[in-house]
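1. Here's a sequence, model it:
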Amino acid sequence: MTDDIQSTRLGDLLGPQTTARLTQTVADAAGKTEGLAQCGPLLHGAVEQAVTLALDMDVLAFLADAWSTAKAIHDLKAQDPTKPDAVSIVKLGKHSITRELKPVVHVQLGAETRVPLNIAMALIGTFQGIELSVGAGGILAVGSGTCDLSVDFRLSGESLGNPTTLKTWKLPGEHRFTPPIAVP
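-> I've put the predicted structure just below:
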């Protein structure tokens, strides 16, 4: 199913039921970590807070940061420095981007003991037929095309199941990045 883009926030894309299921899966897996089995609600609260914070992000901006390293973008940046206000369109074919986020989760046990959890979230976007607007400020916008989006959560390097496919997005005519994605 292809949806028009409504929100680019990861938490909105997952929705409350998937977020609650994900939080429970991470908390259950973390509960098997040495020293945390007895934490119950404390552990669930810490995991819920970390997951909520990790999901409060603009998916397109997070993935788009990888476009800043594309050769086509750097070649364009190297062209004609006398036209700093010029905006160019770069068309990219089918490609995938995987970015990883590692939220910091510590569970407080008593007054002094803090147990860290090694949680990681990989966001995978497979794009097809997109256009990037590039100017002196960097990548200004993305438009047209589609994006198949999935997410994979891991605890201590172990996947907590198969990657969750979120949806296929039909990208709008233009999604602006504020601020633009810098091109090094």
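
2. contacts and neighbour counts: CA atoms only from here.
-> Noted.

3. Look up phi and psi at S68.
-> Per-residue torsions, S68: phi -60, psi -20 (degrees, to the nearest 10).

4. what's the neighbour count on the closest residue to it other than its chain neighbours?
-> Excluding its sequence neighbours, the residue lying closest to S68 (C-alpha to C-alpha, 6 or more residues apart in numbering) is V183, at 4.8 Å. Counted by other C-alpha atoms under 10 Å, the residues lying close to V183 total 19.

5. swap in V90?
-> Counted with other C-alpha under 10 Å, V90 comes out at 15.

6. packing partners for the one helix or strand it maps to?
-> Here V90, judged by DSSP states H and E, is contained in strand 88-92. Judged by 3 or more C-alpha pairs under 8 Å, 6 or more residues apart in numbering; DSSP states H and E, strand 88-92 is in contact with helix 71-78, strand 130-135.

7. how much space between V183 and G40?
-> 45 Å (C-alpha to C-alpha, to the nearest Å).

8. Likewise for G15?
-> From G15 to G40 the distance is 24 Å (C-alpha to C-alpha).

9. quick check: longest helix of the chain.
-> helix 10-30 (DSSP state H).

10. Give me the sheet partners of the helix or strand in which D148 is found and which way each runs.
-> Using DSSP H and E, D148 sits in strand 146-155. Strand 146-155 pairs in its sheet with strand 113-128 (antiparallel), strand 158-159 (antiparallel), strand 164-170 (antiparallel), by DSSP bridges.

11. what is the orientation angle of that strand with helix 10-30?
-> 30 degrees (axes from the mean of the first three to the mean of the last three C-alpha atoms, to 10 degrees).

12. the inter-axis angle of strand 146-155 versus strand 130-135?
-> 90 degrees.

13. CA atoms of strand 146-155 as PDB?
-> Provided in PDB are the C-alpha atoms of strand 146-155 (Å, rounded to 0.1, in the frame of the first residue of the first chain):
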ATOM      1  CA  THR A 146       8.600   6.700  -3.400                       C
ATOM      2  CA  CYS A 147      10.200   5.400  -0.200                       C
ATOM      3  CA  ASP A 148       9.800   2.000   1.300                       C
ATOM      4  CA  LEU A 149      10.500   2.400   5.000                       C
ATOM      5  CA  SER A 150      11.300  -0.200   7.700                       C
ATOM      6  CA  VAL A 151      12.900  -0.200  11.100                       C
ATOM      7  CA  ASP A 152      14.900  -2.800  13.000                       C
ATOM      8  CA  PHE A 153      15.500  -2.700  16.700                       C
ATOM      9  CA  ARG A 154      18.400  -4.600  18.400                       C
ATOM     10  CA  LEU A 155      19.400  -5.100  22.000                       C
END
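
14. change the start of the numbering to 25 and stick with it
-> Sure, I'll start numbering at 25, so the last one becomes strand 170-179.

15. Tell me the gap between it and the middle of its chain.
-> Relative to the chain's own centre, strand 170-179 is displaced by 8 Å; criterion: C-alpha atoms, centre = their mean, to the nearest Å.
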